[in-house]
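S.K.: Have a look; sequence and predicted model below, questions after that.
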Amino acid sequence: MKITINTLVNQVKRVISNKSSVPALEKAYINNNGDLIASNIEITAFIAGVFQDVAAENLNKLYNKDALTVYAKTGVLAGGVDLPESATACFKIPEEDFTTICTVTPETLKGVNTCISKNESRPALTGFNINMNTGFIESVDGFRAYRAPVDIVGRVNKSVVIPGFAGSFSYKGNIEIAAGEKYARLTDTVTGLIVYARLLNAAQFVNLDAIYEKNGNYKTVTIKGLETLKPFLQAAIKANRSERGAGATFLRFKDNRLDYSIPGIDICGSLETDASDMEAAAACYNPAFLLDAITAAGETVVYSLKNMNGPLTFGKVGGPEALILPIREDSYTVNDAFKKIDIIGNKQQETETRTPEETRPDNITATPARDLNNNAPETPAPAPTVSEVVNELNEKQNKENHFVNITPEDVKRQQAIKAAQGYYKALQGYKLTSLQEITATAIYKANKAILQPIARQAGGLYIDIIAITAAITAANDFYKLQEV
């Protein structure tokens, strides 16, 4: 991996304060060794020797962000000012005996940072904890939590809670984490970036061991196709932005499936699991938290057998785990949220209980529809050919003194639009008889269609493959039409 000066400079610039009570902290410092240092008192970023080749008169000075950006692009460093003696301590590297605790990947730190709290009333929750007893790196914001296993290579005599900002850098390689008496040190093993962070009060951190305890009251299941929920959750997040509570997402474990419902945008469906004896349990969740949990953890879920008021944990065997708590949603009840799924499920059960004689095509008699006077419908006339339609329209245009010739392509365009409208009407009247799952690909293609009602219909109901095919065919007709 090629590491440029621009990459290193951009890393350090994140620490520079836009406005500070100490003016020197609004700039970065280059010492006599050419080391680049930026600090905001709590966090200090350090990269050794970045500017070792510049002229000596440019060293031991402060530079603003613009000057660093110009140097990264042109190699010219200018605009430095002397470091005030009163601010010397601000850029001093902590001199402590650091003990290396563990090495983590950038992906692990990204997962941890999804659950860092922004509430300053509990400072410890604005950081992440390295649990010496369990060997986990963990974070919690009061509504959800995340933890991942790490190999503890060196132990210290206290818990280590590191400010979340220290883990938010765009690290390019594995990060070596060490701890001293008052500071933690995070070292990017690829770029050489070193971040020093003042440790937070570990006594205020939440004890996650009790929350994550998996006893007889919990059940572990593996859900198939959990990734297909992501497009629906993204739609729910957008709905929440426009109307509070519109994206509330209900989950229910029942029989051998996980049912999901987002009643505010009329989306529901089911996913298979590897369990067949699950007791019914349902609750409502924040779609953004659900999306983060699925992205960070995986397809294995731990849920409470007694009720869903407890934590719901997503995780991988031997891997990271993301925990979320349910939310209260007064707009919909659980029964309302899953009403559509239950109706379809009951119809499917009725179909499955019929005897073969009852469902054989030979025993089905087609009766033509009749009007209110009990009159049978007339036999429809055959559809005109394209040339017949062209001639008729051109003749009409001439009579009305409109001298624009209608081409066969125009007729094909109109016919395709009518065909698409027909698909939509058929989709609206389609009798839902199965619980076949809609794939994310089908929804994506349906949403690409110009006929938005088709997309809404495909996204909002259980529709089997015939109806989905109709929606996609209408979309494809429109694309071909545009190419004509």
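M.R.: On my side now, so go ahead. Numbering: from 1, shown residues only.

S.K.: in the stretch 151-300 of the chain, which spans are strands?
M.R.: Along the stretch 151-300 of the chain, the segments classed as strands by DSSP state E, counting those that start in this stretch run 160-163, 175-179, 183-188, 194-198, 218-222, 249-255, 257-262, 267-272, 278-285, 300-304.

S.K.: Lowest average pLDDT across the ones you listed?
M.R.: For the strands of the stretch 151-300 of the chain, mean pLDDT drops lowest on strand 300-304, to a mean of 63.

S.K.: Among the strands of the stretch 151-300 of the chain, which comes closest to Asp82?
M.R.: strand 194-198 (23.9 Å; Cβ to Cβ). In short, each C-beta sits where N, CA and C put it, glycine included.

S.K.: From Arg122, how far off is Val81?
M.R.: According to Cβ to Cβ, to the nearest Å, Val81 stands 39 Å off from Arg122.

S.K.: The two: which is more packed in?
M.R.: A direct count of neighbours by other Cβ atoms under 10 Å for Val81 and Arg122 places Arg122 higher, at 16 against 13.

S.K.: pretty sure the more buried one contacts Gln204?
M.R.: Yes: using Cβ atoms under 8 Å, Arg122 is in contact with Gln204, at 6.1 Å.

S.K.: quick one, phi psi at the spatially closest residue to Val70 that is not a sequence neighbour?
M.R.: Nearest-residue entry for Val70: Val76, 6.1 Å, with adjacent residues in sequence omitted and distances by Cβ to Cβ, 6 or more residues apart in numbering. Main-chain dihedrals, Val76, degrees, to the nearest 10: phi -100, psi 120.

S.K.: So Phe314 sits against Ala322, correct?
M.R.: Yes: judged on Cβ under 8 Å, Phe314 makes contact with Ala322 at a distance of 4.8 Å.

S.K.: Low-confidence ranges, the stretch 301-450 of the chain, go.
M.R.: Within the stretch 301-450 of the chain, the ranges that satisfy pLDDT under 70 run 302-310, 317, 330-331, 343-450.

S.K.: still on that earlier bit, of all the strands of the stretch 151-300 of the chain, which lies closest to Ile93?
M.R.: When the strands of the stretch 151-300 of the chain are compared (using Cβ to Cβ), the closest one is strand 194-198, at 6.8 Å.

S.K.: Run the angle between the closest one and strand 183-188 for me.
M.R.: Calculated by axes from the mean of the first three to the mean of the last three Cα atoms, to 10 degrees, strand 194-198 forms an angle of 160 degrees with strand 183-188.

S.K.: elements contacting strand 194-198?
M.R.: strand 43-47, strand 160-163, strand 183-188 (3 or more Cβ pairs under 8 Å, 6 or more residues apart in numbering; DSSP states H and E).

S.K.: could these go into TSV alongside distance to Leu290 and mean neighbour count?
M.R.: Shown next, in TSV, are the helices and strands packed on strand 194-198 (distance: least, Cβ to Cβ, whole Å; neighbours: other Cβ atoms under 10 Å):
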stretch	distance to Leu290	mean neighbour count
strand 43-47	31	23
strand 160-163	27	24
strand 183-188	29	22
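
S.K.: Distance to Ser21 added to these, as a markdown table?
M.R.: As requested, these are exported to a markdown table (distance: least, Cβ to Cβ, whole Å):
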| stretch | distance to Ser21 |
| --- | --- |
| strand 43-47 | 16 |
| strand 160-163 | 19 |
| strand 183-188 | 22 |
